[in-house]
Every structure is written in structure tokens, then in C-alpha cells.
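Trainee: Give me a model of this one.
(one chain, ligands or ions: 1)
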Amino acid sequence: MSGHKMKKRGGKKKGTARRDTRIATSGLDPHGNFGIINPPVYHASTVLFPTVKDLKKAVGDPFNNIYYGRFGTPTSAAFEEAAAEIEGGERAIATSSGLAAITCTLMAFLKSGDHLLMADTVYEPTRKFCDGILKGFGVETEYYDPLIGGGIADLMRDNTHAVFMESPGSLTFEVQDVPAIAAAARERGAVSILDNTWGTPLFFRPFEHGVDIAIEAATKYIAGHSDAMLGVIIMNEPHFKRLKTVTVALGNSAGPDDCYLGLRGLRTLAVRLARHQKTGLTLARWLQKRAEVARVLHPALPHDPGHELWKRDFTGSCGLFGVELKPVTGEKVTAMLDGFELFGMGFSWGGFESLALAVEPKYSRSATIWEGKGPLLRLHAGLEDAGDLLADLEAGLKRLA
Ligand SMILES: *Cc1c(COP(=O)(O)O)cnc(C)c1O
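Mentor: Okay, here's the model as predicted:
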């Protein structure tokens, strides 16, 4: 074999294939691999070239050749091809975590003296990166009310080079008017970036809503089994080179086993999400009727402030939502959480297991005020039996009395 070109994989009738067919066929090349369906996991640093000519060719176009492990392997390329296709973009870049996908993207579009507009309800580590590292590099971050919609135009300055969204917001689930915000950014020549981890590639289509760059914490639903750290940045061709250059320059690369798990997870994403959605709604509706509960924060429920936008822009909901309890002591909430048998306590979400976590959004807001009076829980509906989960929740609510 000479010259190690990353080839486009096979796949039939790509042009007309519907979503679930794409999920089952993207990123595959069985007949380039002894007929074996899944791509092998290439563990690689050094890549050898047979001749000086071959080496020079790869040096000239390292992003489209198998060149050196950090730039990617056939395994990461297979995951990237599938992730791009399913999200609806032209290219994708795998990163070592969801947070790395965010930080590499921000570093790619911002430099000293620039202004960044950031949703106030963003994932807290994203906020920490802006307030620490980006600030130190001379980038000014201005947090905006996630419900600002097209009003974001009034905050745009000549040096605003990026507008970052996350919808629904972390912990509090505010739905953003993504098309209006993305359009305002485009009008002023700023890049629009969306953390689409809650929406997933299936329930929110970033590129159909005018977003330039989509980010998925593939650690969550894409890998889906709480056993991998992986992120992916999805974009159209014009943004690829810049993003890939910066990701490589920052030394970021995704591990081969995690890329494999991401690709494997993608195959069952639709069937898992259907169940996460159903169980999540079952739990949310049940909680809504409970006397111990002040409100349920779930955009797919009709009472939710974000419901109209969710209905307009999303085609489904995942298993993650919030529950505000009526005011009760911290000790009682601790007793509720400590006593759960099925709901685990821990960070991240999107795996097969249900989770419950007490969260405090007021410490990670600056442009808005979190008005909640009682304790806020974030629940993740896993793939366990919904009746068993309800029984666990019911026993937990009794511990609040
Ligand atoms: C978890 C999460 C991330 C970060 O993903 P990691 O893979 O844990 O780094 C980013 N954004 C959102 C919305 C998340 O929930």
C-alpha cells in the first residue's frame, strides 16, 4: 500500500437514505476490511511512508492523509464521517472530550481583543474556560440572557467574532431561539456555535437552523454507555481547515478505543433515545403531579416556558430534565438522594443508567437570576424499567416528609 489516503467509505443510496438507514450505514467500509462490518481499532502514533515522495505528499495535505496518529487514524475518520453525516454537516473532528470540542472551537475563532457572546445558562466548565483561560488571553466574554432571541443583535459589537449557544440550557433547560440568534450572528459576520448535546444529532438539526458549528459531548448519548470520553465538532467544509488546524495545534486527539465506542454507540442512538425520551416523559409527568414538587423543567411538557420553541425546532427530547422541589431542608434532600436504589449520583449523563443530582444554578449565572426557591434536582432517565424508577422516586419523595 503506498500513500495512505483517507478514503470515503462505501454505503448505498446515500442521497435518498432516511435517518435510520444513515445511522446503520454511515462510516462503514466492510469490503475494504475482509468483509468485516465494523472498522478495526487502529492504535497508532508513527505512520511509515515507503518513499520520500509519499512522505512529501502526506506532509502537503496532512488532514486528508493518514499522516501521524495525532492527526487521526482510519478509526477516528470512520467515526468522524458517520458523526458528520448523522448531524447533517459536511465534516467532523473528533476530540478527547466534549469540553475539548468546545475549547478547541473557541480557540479557533477568537483572539486577543475579541468579544464573545456566551449564553448565561452554558455548561459550567465552558464558563470556567471563558472566565479563566480566554480572559487571560485577552478575549472578553459577555454572558447574555438565553431567552434574548433576535435581541442579541443589540449586543453585537464590531469585535464580536463568536456567539455561543447551548439549548436547552445546562441545569435549568431554557430553550433558545437558535435560528434567530444564528441569523443575527451571520448578519454581523460572527460565527455561531451550538452545544447540541441535549438535542443530540437526532432531535435538533443545527445546520437546518442556521448554525455554523455544532458540538456534541459524545461522552453522553453517542457513546451512551458511560465508558468513554469523546467529543465531536461538526461543521461545513469552509470551517474545517481552521478548526482542524487549531485542534491539532493544541495537541488534541481522540483515543482510538473511544472513537470506536462512539461509532458503535451511534448505531443504536435512535433506539436508545426513543426509550430515554419515553421514560423521561413518564417520570416528568408523574413528578408534576406530586405535592412535594414545585415544578418540572422539561421543554417537551406543555406547561414549560420553552415548550413553544421546542415544538417548533426540536423533534424529540432526551432523558435529562430538572425538578424543583418545594422548599425543604438540605438534610431531607440528602436523605432522599442517599436512599435511592436505582438513581445513581455522579456527573455526566446519557448512559443506560438513571441518575439524580442536586444542582445549584445560582452559582453559575451572571446575566440572569435563577428564581427557584426550593432545591433543584437534575434527573437522567436511563433504560431501566420505568415502573421500577417511579417506585424508587416515590420512596425518595417520602424521605422528604
Ligand atoms: C457533559 C457536557 C459537556 C462536556 O463533555 P465531556 O465529554 O464530559 O467533556 C459539554 N457540554 C454539555 C452540555 C455537557 O453536558
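
Trainee: Only C-alpha atoms from now on, for both contacts and neighbour counts.
Mentor: Fine.

Trainee: for the chain, what are the low-confidence residue spans?
Mentor: For the chain, the stretches flagged by pLDDT under 70 are 1-3, 6-15.

Trainee: which stretches of it form strands?
Mentor: Taking DSSP state E, the strands of the chain run over residues 91-95, 115-119, 140-144, 160-166, 191-195, 213-216, 231-235, 293-297, 320-325, 355-359, 376-380.

Trainee: Contacts for the fifth one next, please.
Mentor: Translated: strand 191-195. 102, 109, 161-167, 181-182, 185-186, 206, 211-216 (C-alpha atoms under 8 Å, 6 or more residues apart in numbering).

Trainee: Could you turn the buried ones of those into a PyMOL selection?
Mentor: Buried members of these can be picked out in PyMOL with the line below, counting by 16 or more other C-alpha atoms under 10 Å:
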select buried, resi 102+109+161+162+163+164+165+166+167+181+182+185+186+206+211+212+213+214+215+216
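
Trainee: List the buried residues for the longest helix along the chain?
Mentor: Ranked by number of residues, the top helix in the chain under DSSP state H is helix 269-288. Residues of helix 269-288 classed as buried: 269-270, 272-273, 275-284, 287-288 (neighbour count, 16+ other C-alpha under 10 Å).

Trainee: what angle sits between that helix and strand 320-325?
Mentor: Counting by axes from the mean of the first three to the mean of the last three C-alpha atoms, to 10 degrees, helix 269-288 lies at 10 degrees to strand 320-325.

Trainee: of all the buried residues of helix 269-288, which two lie farthest apart?
Mentor: For the buried residues of helix 269-288, the maximum inter-member distance is 27.7 Å, found between L269 and Q288 (C-alpha to C-alpha).

Trainee: show me what contacts the closest residue to L269 other than its chain neighbours?
Mentor: Setting aside the residues directly before and after it, L269 is nearest to I222 in space (C-alpha to C-alpha, 6 or more residues apart in numbering), at 6.3 Å. By C-alpha under 8 Å, 6+ apart, the residues touching I222 are G262, L263, G265, L266, L269, G350.

Trainee: What count of nearby residues applies to the second one?
Mentor: What it means is L263. 29 (other C-alpha atoms under 10 Å).

Trainee: Equivalent analysis for the first one, please.
Mentor: Around G262 there are 31 other residues, counting by other C-alpha under 10 Å.

Trainee: quick one: it and A223 touch, right?
Mentor: Yes. Using C-alpha atoms under 8 Å, G262 is in contact with A223, at 4.4 Å.
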